[in-house]
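3D model of this:
(2 chains)
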Number of protein chains: 2
Amino acid sequence: SICLEITRWVICGLIGFLTGLIACMIDIAVEKLAGYKYLAVKQNIEKYTELGGLSISLILWAVLNSAFVMLGSLAVAFLEPIAAGSGIPQIKCFLNGVKIPRVVRLKTLVIKVFGVICSVAGGLAVGKEGPMIHSGAVVAAGVSQGRSTSLKKDFKIFEYFRRDTEKRDFVSAGAAAGVSAAFGAPVGGVLFSLEEGASFWNQLLTWRIFFASMVSTFTLNFFLSIYHGKPGQLSSPGLINFGRFDSDVSSVFIVFRGVLGALFNIINYWLTIFRIRYIHRPCLQVMEAMLVAAVTATVSFAMIYFSNDCQPLGQDNTEEYPLQLFCADGEYNSMATAFFNTPERSVRSLFHNPPGTYNPVTLGVFTLAYFALAVWTYGLTVSAGVFIPSLLIGAAWGRLFGILLSFIASSQSIWADPGKYALIGAAAQLGGIVRMTLSLTVILVEATGNVTYGFPIMLVLMTAKIVGDYFIEGRSRIPGGLYDVHIKLQSVPFLHWDAPPTSHWLTAREVMSSPVTCFNRVEKVGRIVDVLSNTSTNHNGFPVVSDTTENDEPGKICGLILRSQLIVLLKHKVFVERASSRLSQRRLQLKDFRDAYPRFPPIQSIHVSQDERECMMDLTEFMNPTPYTVPQETSLPRVFKLFRALGLRHLVVVDNENRVVGLVTRKDLARYHVGKDGLEELHLAQT
Amino acid sequence: SICLEITRWVICGLIGFLTGLIACMIDIAVEKLAGYKYLAVKQNIEKYTELGGLSISLILWAVLNSAFVMLGSLAVAFLEPIAAGSGIPQIKCFLNGVKIPRVVRLKTLVIKVFGVICSVAGGLAVGKEGPMIHSGAVVAAGVSQGRSTSLKKDFKIFEYFRRDTEKRDFVSAGAAAGVSAAFGAPVGGVLFSLEEGASFWNQLLTWRIFFASMVSTFTLNFFLSIYHGKPGQLSSPGLINFGRFDSDVSSVFIVFRGVLGALFNIINYWLTIFRIRYIHRPCLQVMEAMLVAAVTATVSFAMIYFSNDCQPLGQDNTEEYPLQLFCADGEYNSMATAFFNTPERSVRSLFHNPPGTYNPVTLGVFTLAYFALAVWTYGLTVSAGVFIPSLLIGAAWGRLFGILLSFIASSQSIWADPGKYALIGAAAQLGGIVRMTLSLTVILVEATGNVTYGFPIMLVLMTAKIVGDYFIEGRSRIPGGLYDVHIKLQSVPFLHWDAPPTSHWLTAREVMSSPVTCFNRVEKVGRIVDVLSNTSTNHNGFPVVSDTTENDEPGKICGLILRSQLIVLLKHKVFVERASSRLSQRRLQLKDFRDAYPRFPPIQSIHVSQDERECMMDLTEFMNPTPYTVPQETSLPRVFKLFRALGLRHLVVVDNENRVVGLVTRKDLARYHVGKDGLEELHLAQT
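Numbering: from 1, shown residues only, chains lettered A, B, ... in the order given. Coordinates of the predicted model:
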C-alpha cells in the first residue's frame, strides 16, 4: 500500500508535468501564429493606409482568420465533436460521476489542443484557458491508466488504477493541474477540483491534487522562462498573468451587478437551443465558425476604422502592435490596441495602463461589440474557452465605469485608478457568467498576486452570483452558470450539491425504480443473458438475493453485482458445472476485470450456446457482499446525502424484513428538480 | 430556509469581524507592553554599560519578564486551565467531534487573550498566532449560539443553531478566521478548517468559512492601518507579515530535513509526560512558568553580553531597539537584535536583512539556545503558540546554512541571498513540528505573498513530514505532529482520516459494544431512569426496538434516541398517561430541546416520583426513525468511512432480521491503533 501511494504521487507529478508542457506548447504556438498574422495584417494596413485601399486589408484579415478557424473547426466537427467548447461542462459531468463517452481519450486531447490554437490564432473572441482544464483531465486519465485506446497501446503499468474511483481521483488532479497552468493558481485549481468533484474530503487525495497543480504551474513557468530567454526567472506562473497590483486599494466597494453576465447566459441558452435544432450537420457547423471568424474580423476592422481615438505612443512601448492608421505621427489608435491583440494582452492593458489611456466612447463601443461577438462565439464547434472573453468584457466596462466615476469625483485620489475598476468589473462579469464563486475568487486573487483584493473580489462575485441566480433562475427556468446551462441542455443525470429544497416529503419508496430485477446467489446463465440483453432493464447494478420464494416475492438482500462484472464472468464462462468438471481451469482474478475496464464488451458480442444457457453461475464470490441499503421510509435528502458523501451509484431499498423492494440510481435522484410549479421530474437522456 | 442561510452568513461575518478585532487588540497590546519593557531595559543597560553594574539590568529584565508571565500563568492555572497552550489540539479535537468541556466558553477566551498578551510581553519563546485560532473558535461558538453561559445571558437569537452540527460548522469558520487573522492567509484558514474538521465537503459551508476568513483579515488590516495612522493602506493582512519576497528564486532546492522538528517533538513529549506526572498543582505550574521566564531573560542576557558581534547601524534603521552595548559608536550588537525583539520582528529580519548582517557563530548559538528555550516553553501553563518560535529557529539555522553555502559557492549569485534559506528553513522546521502540510504550505505562500515559492515550500514540507514521520513514528510510538502528541496524551477518542491500515479483517461485530441497552417504542419511565442513572452504560444513544420478544431476544430496530432527548423528555414529564388525562398540556417542541443545549441537566437533578416511575413514555415521536445501520459483517474500514463521511456518532449494528445486536460509537473506532505489534487497543479516557 505504501508502494501504491508512491505510484500515485509519481503519476500526479507526471500529470502536472505533462499538463504544464501542453500549456507551454499552446502558449508558444498561439503567440507565434498570432504574431505572424498581426505582422502581416499590420504591414498590409500600413501599406494601404495612404493608398486608400483598406478593403484589401480587411479581406486579408478576414481570410486569414477564417482559414485558421476553418482548420480548427474542421478537425473538431469531423474528427471529434466532443472536443468542442471549453470542455469544462464535460469535465464537471465526469467528476460528478456522469459517464460521457470519449471525453478523456487521447484523440480528444490532440484535437482539442490543435483546435484551441487555431481558434485563438484565428482571432475569435475566445480564450485558451478553459480547454487547458479539459487537456489536464485527459492527460490524467491517460497517464493513470497506463494505456491508450486511441493508440491501441497498453504499457502494462498502473494496472491497479483501472477502476472508476481511482481514475476519477486522477482526473480531478488533472483538472486542477489544468487550472493551475492556465491561471498560475495552484490553490485555485485544488479548490476547483474539490468544488466540482469532491464529495468526501480526502486528505491524501487533496495533497496529491495540490502536488499536481504545483508541478504543473512550475513546469509551465520553467519552460516559458527558457523560451523567453530568461531561464530561472519564474515570473509567469500561468498562461494568463494579470501582473501585480499594488495594494493600496481601499474602498473599491462599488458593487457591480451580474446582470450582464446573466444576459450573456440567457442569450447563449437560446442560441444553443437554436444550434441543437438547426445546425447539427458538421459542414454547417464549420461554415458557422468561419462566418463568425469573418464577422469578428470585419467588426474589429470597422471599429478600428471609424474610431479616431488617438493616443500618444508611450516611452515604454507596452503595445506590441501599435497601429498608427490615421493618427498623427507618434500616436497610435487605441481602439486598434483593444482588437489587435490576443485577448490576454488586452485584459492586462485594461488593468494596468495609466488613467487616460482609453477614451470612454471607445470603451463603450468595444464592450458592446465584444459582448455580442463573445455570446455568438461560445458554443461554436471550435475548442475555445469563455474565461478570457468574459474577463475582457468585464474589464472594459469596469474601466469605463471607473473613468465615468472619476469625472464625478475627480478630487479624490482613491478613485483615480480605473484599472482597479477593470479588475472588479472583470470579476463581476466572469462571476455572472460561470458562477463558480469560491474557486474563482481564489483563482483571481492568485492571478493578481495580492490577497488584499480578495475581499472586494469575493463580495463582487457573491453579488454577481446572487443577482444572476435571481435574475435567471427566478425569472426563467434556465439554470445558473453558463456551464450549468450547457450541462442541462445535454440532459445528463448531474447530481447537485443538495437535494431540491422542497423534497423532504419524498421518500425512497417514491424515488426508487421498482420492480427491480434481482438475481439469485446461484443463477441460471440463460436468465442472466436474457436480463442483460433486455434493453428495457438498462440498470448497471443488480441486487443479489438469497432465494426467491415461491410466490415470486423478492428474497432477502445479500449482495450487489454490476453489469460489467456479469459480462466478464460470462465472457470467461465461469459456470458452476465447469468449475467442478475441469479443476485445471484458471480462476478468474481481479486482473481480468481490470483488463476489461473501461470498455466492457456489449452483451451481444458474447456467444452463449444453448447448452451453456442451462448452466448455473455462482455470484457469491464476485458480488459486493455488503451493499448500502436504506429502508423505504428514508427521506430523499437523506438518500441524496448518502449518494454524495459515499459516492454511490446504486442504493438498494429494502423493507423491514431486508427484502429488496427497489433500487435508487443517480438518474432517479437527478430527475427531481425545482421548476416553476415546485418539484418536477426531468426527462433525462439515455446514457 | 433562505432566511436561515442569510442568518448564517451574517453570523459568519460577525465571527470574522470580532476575531479580527481581537487579533488587532492583542497585537496592539503586545506591541505597547513589549515596547515599554524594552525601552526600560534598554535605558537601564545603557546607563549601566559604562558603570559596569549590568547585573542590575539583568535582574530588572528577569523580574519584568517573570512578572508578566506570572500574571498570565496565574490566570490560566487558577481560573481556566483549558486556556493553556496554543489551543490548537483542543480545537482539532472539537472539530473532530470530541467533546471537551469548557473549551469554547467566553471565560476561556478572556483568559486566553489576557494570557497570550502576558506571555508574549513577558519575552517567552512563544508566538501569539496559535491562540488566535482558539480565540476565533470561541467567538464563533459564542456568537452562533446567541448566548453566553459565562455571562448568564441569553439574547434569544439564533436559537435554530443550538445543536451540535450547526455549532461545529460555525466553530470551523471561527478557527479559519483565526488562522486568517494570525497569518493574513484566508485561503490557508479555509484549508486548515477543512483539514481538521471537514469530512463531508459542503459547498455553502466552505463559502461561509471563506467569508469569515476574509472579513477577519480585512478587519484586522483595516483597524491596524488606522492604528498605524495610515488608514486605507491595507498592507498588513495578518498578525505576522513576512514582507514580500521577490520572485527570482530559481533553485533553492536544498531539502532540509525535519529531523530537528522531530527532535523537538520527542523532547517535548517526554517533558509533557513529566509535567503530567509531577507538575499538576497550579502553584507549581505558575512557578515553573516564572522560572522559564527568568531563565529566558538570563540566557538572552548572557548571550548578548558574551557575544561581540557588532554590525554597523544601517541608514534605514530597521531595528527598533538597537543596543550599542560594548560596540563602537555607530554600531549595534546583532545578537541583541535577535533577542531584544518580539519574535515576529526577528523572523522578518532573518528573512529580509541583506547578506552579511548576521555572524554565523551568533546564529548557531542563537539557534541552539532558542531551540532549548522553545522546547521547554511549549506546554507551560501559559497561553502561547508554537508557530513563531518554530519559524524563528528554522529561519535562524536556514540562514546559517545559507551563509555557509555561500562560503563554498561564493561565485554564483543565485546562492547569495541567505534570506531565502531562512524561509525554507523556517518552513522545514515548522513542518517538522506541526505536520499540517497542506494548509501550512498555503499559509506560508500567502504570508510570503509569492506563489513562486509554493513549490519549494511544498517539497520541503513534504520532506519534513516524511522524515519526521519515519523518524518518530517508525522508531518510537509517539504520533506525528506536536499537536497529535498532545492529543494522544489527553487520551481522547480522536478519529483519524482512515481506518488503521491492517484493520480489513475486523468486522463491525468485533468492534461494536455489545450487548446494547435498547428501549421499546413505549417504555416504562422507571426503566429509562434506571438506565440513564446507571453509570456503567454511559452511552449517549439508545436504539429503539419494536417489541422485545419473551425470551429476551432483541427486537427489530425502529429508531434511535439520544440521552439528551430522554433527559428533556423526563424533565418535561412527557408521559403517555399525562397526555391523555390533561389535554391542555403544552406539547413539547423543538425549542425545548434547543434551550437545554448544550448543557443538559444530569439525570440526578430530575426528580421522578415512585408513581411516575410506573408511567409509560412514547418515544416514537421523538426518536430518529431512520438511523444508519450496518450488517454485522461490514468491515472496519467501511464503518470508518461511514462515520467520517456522514459525521455519525452512533451506528447500529443489525443482523439479517434487522434485530439490534450492537452499537458502534466513536470510542469503539478510536480504540484501534497501529502500534509496535500490529493493531492494538488503546485505553481511552472517560469523557
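
how about the closest residue to chain B within the stretch 501-650 of chain A, nearest residue that isn't a chain neighbour?
Proximity of the stretch 501-650 of chain A to chain B (Cβ to the nearest Cβ) peaks at A:A645, 4.1 Å away. To be clear about C-beta, it is placed using only N, CA and C from the backbone, and glycine gets the same treatment. Among residues not flanking A:A645 along the chain, B:A645 sits closest, at 4.1 Å (Cβ to Cβ, 6 or more residues apart in numbering or on different chains).

over to A:Q145?
Leaving aside its sequence neighbours, A:Q145 sits nearest to A:R162 (Cβ to Cβ, 6+ apart; 5.9 Å).

tell me, how many residues neighbour the one you found?
Applying other Cβ atoms under 10 Å in any protein chain shown, we find 20 other residues in the vicinity of A:R162.

need the per-residue pLDDT for it.
For A:R162, the model assigns a pLDDT of 77.

one more: A:G16?
The model reports A:G16 with a pLDDT of 92.

number of residues surrounding the residue nearest to A:A645?
21.

okay but it is in contact with A:L648, surely?
No: assessed by Cβ atoms under 8 Å, B:A645 is found out of contact with A:L648, at 10.6 Å.

on the pLDDT front, check the residue nearest to A:A645 for me.
74.

check the gap between it and A:N202 for me.
10 Å (Cβ to Cβ, to the nearest Å).

quick one: what helix or strand has the closest residue to A:L54 other than its chain neighbours in it?
Leaving aside its sequence neighbours, A:L54 sits nearest to A:Y48 (Cβ to Cβ, 6+ apart; 5.3 Å). Assigned by DSSP states H and E, A:Y48 falls within helix A:2-51.

and that helix, how far out from the chain's middle?
Offset of helix A:2-51 from its chain centre (Cα atoms, centre = their mean, to the nearest Å): 19 Å.

so which elements touch that helix?
Counting contacts by 3 or more Cβ pairs under 8 Å, 6 or more residues apart in numbering or on different chains; DSSP states H and E, helix A:2-51 packs against helix A:54-74, helix A:106-121, helix A:130-145, helix A:164-183, helix A:203-227.

in CSV: these, plus distance to A:T19 and mean neighbour count.
Shown next, in CSV, are the helices and strands packed on helix A:2-51 (distance: least, Cβ to Cβ, whole Å; neighbours: other Cβ atoms under 10 Å in any protein chain shown):
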stretch, distance to A:T19, mean neighbour count
helix A:54-74, 21, 21
helix A:106-121, 10, 25
helix A:130-145, 4, 30
helix A:164-183, 4, 29
helix A:203-227, 5, 24
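
same list (those) but as TSV, adding distance to A:G541.
Below are these laid out as TSV (distance: least, Cβ to Cβ, whole Å):
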stretch	distance to A:G541
helix A:54-74	40
helix A:106-121	28
helix A:130-145	23
helix A:164-183	12
helix A:203-227	25
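
for B:V661, find the nearest of those helices.
Closest to B:V661 of those is helix A:164-183 (Cβ to Cβ; 30.4 Å).

packing partners of that closest one?
helix A:2-51, helix A:88-96, helix A:130-145, helix A:186-197, helix A:203-227, helix A:437-448.

phi, psi of A:K153?
Per-residue torsions, A:K153: phi -130, psi 130 (degrees, to the nearest 10).

one step back: check which helix or strand covers the residue of the stretch 501-650 of chain A closest to chain B.
helix A:636-646.

list the contacts of that helix.
The contact list for helix A:636-646 (Cβ atoms under 8 Å, 6 or more residues apart in numbering or on different chains) reads A:199-200, A:495, A:497-499, A:503-504, A:506-508, A:510-511, A:628, A:630, A:648, A:651, A:664, A:666, A:669, A:672, B:200, B:626, B:641-642, B:645-646.

and for stretch A:155-170?
Contacts for stretch A:155-170 (Cβ under 8 Å, 6+ apart): A:4, A:7-8, A:11-12, A:15, A:94-95, A:97, A:140-141, A:143-147, A:197, A:205, A:208, A:591, A:594-595, A:597-598, A:647.

check stretch A:114-123 too.
Contact with stretch A:114-123 is made by A:26, A:29-30, A:33-34, A:37, A:61, A:64-69, A:71-73, A:75-76, A:83-84, A:126-128, A:131, A:289, A:293, A:296-297, A:300, A:342, A:382-385, as judged by Cβ under 8 Å, 6+ apart.
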